[in-house]
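Novice: based on what follows, work out the 3D shape:
(chains A and B)
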Number of protein chains: 2
Amino acid sequence: MKFIKTPVKGMCDMLPSDMRLREYVLGMIKESYAKYGFMEIETPVMEHIENLTSKQGGDNEKLIFKVMKRGADLNRAIEKGTHEYADNGLRYDLTLPLARYYANNNQKLPTPFKALQIGNVWRADNPQKGRFRQFTQCDIDILGDETNLAEIELIGATSGMLTKIFETVGIDAFTVHVNDRKILTAICLQAGFKEEDVPSVLISLDKFDKIGLDGIRKELVENGHPEEVVDKYLSIYENLNTNSCEEFCKDVSEEYLDASVVSAMEEIISCAEAMVNEHVSVVFDPTLVRGMGYYTGPIFEITIDGYGFSIAGGGRYDKMIGKFSGQDVCASGFSIGFERIITILKDKLEGEMKIDSNNLAILIEKGVPTEKKMELFAKAKELREAGTTVTIQPMKKNMKQQISLLEKEGYTQFEKVYRR
Amino acid sequence: MKFIKTPVKGMCDMLPSDMRLREYVLGMIKESYAKYGFMEIETPVMEHIENLTSKQGGDNEKLIFKVMKRGADLNRAIEKGTHEYADNGLRYDLTLPLARYYANNNQKLPTPFKALQIGNVWRADNPQKGRFRQFTQCDIDILGDETNLAEIELIGATSGMLTKIFETVGIDAFTVHVNDRKILTAICLQAGFKEEDVPSVLISLDKFDKIGLDGIRKELVENGHPEEVVDKYLSIYENLNTNSCEEFCKDVSEEYLDASVVSAMEEIISCAEAMVNEHVSVVFDPTLVRGMGYYTGPIFEITIDGYGFSIAGGGRYDKMIGKFSGQDVCASGFSIGFERIITILKDKLEGEMKIDSNNLAILIEKGVPTEKKMELFAKAKELREAGTTVTIQPMKKNMKQQISLLEKEGYTQFEKVYRR
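Specialist: Below is the predicted model:
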């Protein structure tokens, strides 16, 4: 019989020590977000294939694990010969399921609705170091709040949660970067780009940290945009010596950008500043783009100071739920890089995530009479009820090795019970 | 565009109130089992299709949700024309993944290994009331302990955990039923059944509670067994006035049943009695069979007194992991009916699972100046750090409805902030 020991390609078995770290972090996330009024929800891992392939998921749609039809449905599909064998698929993110969930359940939910979702998603990506085909996502979303109070709550909740998690490993300095898609778009249009070119121009601007202004200029010109448009466009990004959105946008005409967008952004920054800890700074970052095309308003990202990557990102996506359900619902969300956080903590903690000590292992030799065992189990019961972790096991021939393995799992007390 | 609002057939969206109950119960399960030294592990939801269809899963193998091959693999399968389109499948239980996990990771695990697994499984069953296609299983297993200490620990841990969960709803009386597959088999053989008939005879005996001895007699005779064998077989089950395994087995010859099986069973009962609370009784139940064919030794089940069904079941399965991995590993496990527990608690609690009260909602009217908002967010930050749940939301036109929905979610304090 063919039996395969290893997990499916790109997926992981979690050892007890992995689980202790994950459960510890998940506990902090849930507790922290709950204080901000976010309510946990859950959706099935499978979604209708029609929903998953409705073109809202971008490139992720190419990576869907599809679930086959069964029974008569499958036979019909085979007879038809069109190779349409799937009726469901595993979710590739938590946003599409949230849109379906809200369309299905909004009558039973408060408005605005503050949702916390923690769950696995699946993508048939090429596995790389630190990149898996099954991984945990952790999203908060506020549905039905059209004001910037949503963004302030999202930023406050997420930076508060990250501060709490990372202070255990001595990391406390974060930067919250904020921008607005409406500002990015206005600058494109004022420079002379056509509306349909905006997404591709923003894809180039998104590379600012990697290729700099010169690289972006080269790329835009190569893409066929007139040099004078490109130069006009990039000139505003040449002098980024301000943390003021108002100052940065002073030359953007009202024709392209409503003043209320700028004042709302200033308010997000001021109010978020009032919520975050002293080592967290909230900055207006005019080159922040965020990859996904569905954002419609404020966008944000959190980086750990001194690390070159973001560990949380999100933004407002007022049109997306409507595209799914036919009914517009304004929405803004923040997603943390759960697996990345776990990787950083694992490196930093390195074996410190032990079970609390004082755990007791009772090792019983073969042949100990029943009456003695009854005493031991009764004693263990009392200790467990009082909060001690106790394990009762047969004494192994190689007791030294047995004890050393138990010590690795946090056992510090050993009671050896011999038959006489 | 075709958008489907409802979840995939037979699967559920979890509302915030559902999640609060589930998280509360999961928290108690994890805390309670941890005190007995069970360590949480996790495996991917997908397993290789070869493992899932290796004939160890019984009827569940017919219910597998299969995951399609992708890319070049899929094209090759289509060209071949053999309809072998799946390379993976969703797990239908947690036992097969555990066997694979142990074969893959046992070098890094202590012996015996006490595993706790909580996770979803999927079966393409016909959905019925209270029966879903995605549902949560919760298993504890002890691998590598060939002694009955494993069974005593499993029974003590599970009855302790159930007592804790159900005392919140005033249910405290449980019965733990125990038996041994070796005793069931010995009685079959001594009566004159052939060894290959034992599994089907036990399927009939398993109906004892439903059709009684007369029904079983009829069924066995209809299945072609000689009447005198059937009569001899059933005679031992006619007088069940004993809770003593020794007394019950006194007429079973040593030729069929080793005396050590009986004394080990008596020891399980005595030691388990020493661990359970006063309202829990541990009884020898000679008609307990447990459905799955893979059990090899002690089997057990827990019923709530006054309810007609079991809420936990398990047993020893020393041969199964070897069948998967080629290397025999003795194992014993206990699985609780998580979804059934949730159903009972939901009925009993009926709306009592609110968020702790004292939660504050700050409702802000449109036009409140930034400075005032900054004050409010800073105040909320302090309250949250001190442990209060606070939500900040825009004041809705229909504030009465807004407040009533928030009250349903456990908010008791409301601060209304007007623009002047």
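Novice: give me the distance between the helix or strand of chain A with the lowest mean pLDDT and the centre of its chain.
Specialist: When the helices and strands of chain A are scored by mean pLDDT, DSSP states H and E, helix A:320-325 comes last with a mean of 78. Centroid displacement of helix A:320-325 relative to its chain, using CA atoms, centre = their mean, to the nearest Å, is 21 Å.
Novice: contacts for that helix, please.
Specialist: Residues from elsewhere that reach helix A:320-325, judged by CB atoms under 8 Å, 6 or more residues apart in numbering or on different chains: A:51, A:54, A:56, A:95-96, A:99-100, A:102-103, A:143, A:294, A:327-329, A:331, B:1, B:3, B:5. Every residue, glycine included, has its C-beta placed from N, CA and C.
Novice: so the helix or strand harbouring A:Gly89 versus strand B:86-90, what angle?
Specialist: Using DSSP states H and E, A:Gly89 sits within strand A:86-90. Comparing the axes of strand A:86-90 and strand B:86-90 via axes from the mean of the first three to the mean of the last three CA atoms, to 10 degrees yields an angle of 60 degrees.
Novice: strand partners (parallel or antiparallel) of strand A:86-90?
Specialist: strand A:46-48 (antiparallel), strand A:66-68 (antiparallel) (DSSP bridges).
Novice: list the contacts of the first one.
Specialist: Read it as strand A:46-48. Where contact means CB under 8 Å, 6+ apart, the residues beyond strand A:46-48 that reach it are A:67, A:87-91, A:96-97, A:100, B:4, B:7-8, B:11, B:65, B:122, B:134.
Novice: run through the bridge partners of the closest residue to A:Ile41 other than its chain neighbours.
Specialist: Nearest residue to A:Ile41, sequence neighbours excluded (CB to CB, 6 or more residues apart in numbering or on different chains): A:Ala115, at 5.3 Å. Taking DSSP bridges, one finds A:Met39, A:Asp141 as the beta-bridge partners of A:Ala115.
Novice: so who does A:Ala115 touch?
Specialist: Contacts of A:Ala115 (CB under 8 Å, 6+ apart): A:Phe38, A:Met39, A:Glu40, A:Ile41, A:Leu98, A:Asp139, A:Ile140, A:Asp141, A:Ile142, A:Leu143.
Novice: and chain A, what are its domains?
Specialist: A:16-349, A:359-417 (automatic domain parsing).
Novice: distance to B:Asp231 added to those domains, as TSV?
Specialist: Converted to TSV, these look like this (distance: least, CB to CB, whole Å):
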stretch	distance to B:Asp231
domain A:16-349	43
domain A:359-417	36
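Novice: highest average neighbour count across those?
Specialist: For those, the largest average neighbour count (mean count of other CB atoms under 10 Å in any protein chain shown) is found in domain A:16-349, namely a mean of 19.
Novice: just the endpoints, please. Distance across stretch A:33-42?
Specialist: 15 Å (CA to CA, to the nearest Å).
Novice: now swap in stretch A:308-321 and tell me
Specialist: By CA to CA, the extent of stretch A:308-321 from end to end equals 32 Å.
Novice: rewinding a little: average model confidence for whichever helix or strand comes after the strand holding A:Gly89?
Specialist: As assigned by DSSP H and E, the chain's next helix or strand after strand A:86-90 is helix A:95-105. For helix A:95-105, mean pLDDT rounds to 93.
Novice: quick one: contacts of helix A:95-105?
Specialist: Here helix A:95-105 has contacts from A:41, A:43-44, A:47, A:51-52, A:56-57, A:91, A:109, A:113, A:115, A:117, A:139, A:141, A:143, A:317, A:320-321, A:324-325, A:327, A:329, A:333, B:3-7, B:13, B:15, using CB under 8 Å, 6+ apart.
Novice: next step: the residues you listed restricted to helices.
Specialist: A:Asn51, A:Leu52, A:Met320, A:Ile321, A:Phe324, A:Ser325 (DSSP state H).
Novice: what's the closest non-adjacent residue to A:Val289?
Specialist: A:Asp206 (3.9 Å).
Novice: one step back: determine which two of the ones in helices among the contacts of helix A:95-105 are furthest apart.
Specialist: Within the ones in helices among the contacts of helix A:95-105, A:Leu52 and A:Ile321 form the most distant pair, 15.6 Å apart (CB to CB).
Novice: how about the residues of the stretch 101-250 of chain A by chain B?
Specialist: Residues of the stretch 101-250 of chain A lying close to chain B (CB under 8 Å from any CB of the partner chain) are A:101, A:103-105, A:108-112, A:114, A:120, A:122, A:124, A:134, A:145-147, A:149, A:152-153, A:156, A:160.
Novice: give me phi/psi at the residue of the stretch 201-350 of chain A found nearest chain B?
Specialist: Nearest residue of the stretch 201-350 of chain A to chain B, counting by CB to the nearest CB: A:Ala274, 4.2 Å away. Dihedral pair for A:Ala274: phi -70, psi -20, per degrees, to the nearest 10.
Novice: now do the contacts for it.
Specialist: Contact partners of A:Ala274, counting by CB under 8 Å, 6+ apart, are B:Met374, B:Glu375, B:Phe377, B:Ala378, B:Lys381.
Novice: the first one: which element?
Specialist: Here B:Met374 sits within helix B:370-385, counting by DSSP H and E.
Novice: contacts for that helix?
Specialist: Contacts of helix B:370-385 (CB under 8 Å, 6+ apart): A:35-36, A:149, A:152, A:156, A:160, A:266-267, A:270-275, B:360, B:362, B:364, B:390, B:392, B:417.
Novice: repeat the analysis, applying 6 Å as the threshold.
Specialist: A:Lys35, A:Glu267, A:Ser270, A:Cys271, A:Ala274, A:Met275, B:Ile362, B:Val390, B:Ile392 (CB atoms under 6 Å, 6 or more residues apart in numbering or on different chains).
Novice: and the third one, what does it touch?
Specialist: Meaning A:Ser270. When contacts are counted by CB under 6 Å, 6+ apart, A:Ser270 touches B:Thr370, B:Met374.
Novice: hmm, back to that, and of the contacts of strand A:46-48, the nearest to B:Glu255?
Specialist: B:Trp122 (45.2 Å).
Novice: from chain A, how far out is the closest one?
Specialist: Using CB to the nearest CB, to the nearest Å, we find B:Trp122 at a distance of 8 Å from chain A.
Novice: quick check: that residue touching B:Gly89?
Specialist: No: look at B:Trp122 against B:Gly89 with CB atoms under 6 Å: they stay out of range, at 8.7 Å.
Novice: now the helix or strand encompassing A:Gly27: average pLDDT?
Specialist: If you go by DSSP H and E, A:Gly27 is part of helix A:16-34. Here helix A:16-34 scores 94 as its mean pLDDT.
Novice: pLDDT weak spots in chain A?
Specialist: A:1-2, A:56-57, A:350-357 (pLDDT under 70).
Novice: hey, what's the residue nearest to the spatial centre of chain A bridged with?
Specialist: Residue closest to the mean C-alpha point of chain A, counted by CA atoms, centre = their mean, is A:Ile336 at 3.3 Å. Per DSSP bridges, the residues bridged to A:Ile336 are A:Cys138, A:Ala312.
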